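> Below: sequence and its predicted model.
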Amino acid sequence: AILPAAPAVVASLERIVRLIRKQLPETKIVVMDLLPRHKSGKSPPLLWDQTNPYYEGVRKVNQLLSEFTAASDDIYPLDCGRVFMANNEQQLHAELLPDALHPSALGAMPLAECIAGGVDRALQDT
């Protein structure tokens, strides 16, 4: 049940960011959205819509994360979820998320590239 926990998840992240800022005020912070997921063991197609039990919760957490990062000039948002989407962002790419949660070896590379790109953008912004 991600949806009811969404505000607490983001509040916890905000506390972590405050702690980092207190100890390392010049540190660049990249905040990555939650990745899409589905029930483990579900057979493809892994739909990314209201029929997916995680859809609304992940979207809510990501919306709150977006609001949090938009309110700060020194926190950099990162959305790597699109890497795992197929069919016009209507389902999860089963080859990249074979258990509907964890990236496969095939999915690890685009995720790593997305994260590296987000870190690079943050480091270039001085």
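Looks like it arrived, so ask away.

> So, low pLDDT: which residues of this protein?
Low-confidence segments of the chain (pLDDT under 70): 126.

> now the strands for it?
Secondary structure of the chain by DSSP state E: the strands cover 29-32, 46-47, 75-78, 85-86, 91-92.

> which residues sit against the fourth one?
It refers to strand 85-86. Counting by C-beta atoms under 8 Å, 6 or more residues apart in numbering, strand 85-86 makes contact with Pro36, Trp48, Gln91, Leu92, His93, Ala94, all of which sit outside it. Using the backbone N, CA and C atoms, a C-beta is placed for each residue, glycine as well.

> do you know how far the fourth one is from Arg121?
I take that to be Leu92. 25 Å (C-beta to C-beta, to the nearest Å).

> Same question for the second one.
Counting by C-beta to C-beta, the gap from Trp48 to Arg121 is 25 Å.

> now do Thr27
Going from Thr27 to Arg121 by C-beta to C-beta gives 15 Å.

> Please apply the same query to Ala1.
Distance from Ala1 to Arg121, by C-beta to C-beta: 33 Å.

> Settle it for me: which of these two has more neighbours?
Arg121 (13 against 8; other C-beta atoms under 10 Å).

> what's near enough to touch the more buried one?
Neighbour list for Arg121: Tyr76 [criterion: C-beta under 8 Å, 6+ apart].

> what about 10 Å?
Residues counted as contacts of Arg121 (C-beta atoms under 10 Å, 6 or more residues apart in numbering) are Lys28, Val30, Tyr76, Leu78.

> Show me which of those are buried.
By neighbour count, with 16 or more other C-beta atoms under 10 Å, the contacts of Arg121 hold Val30, Tyr76, Leu78 as buried.
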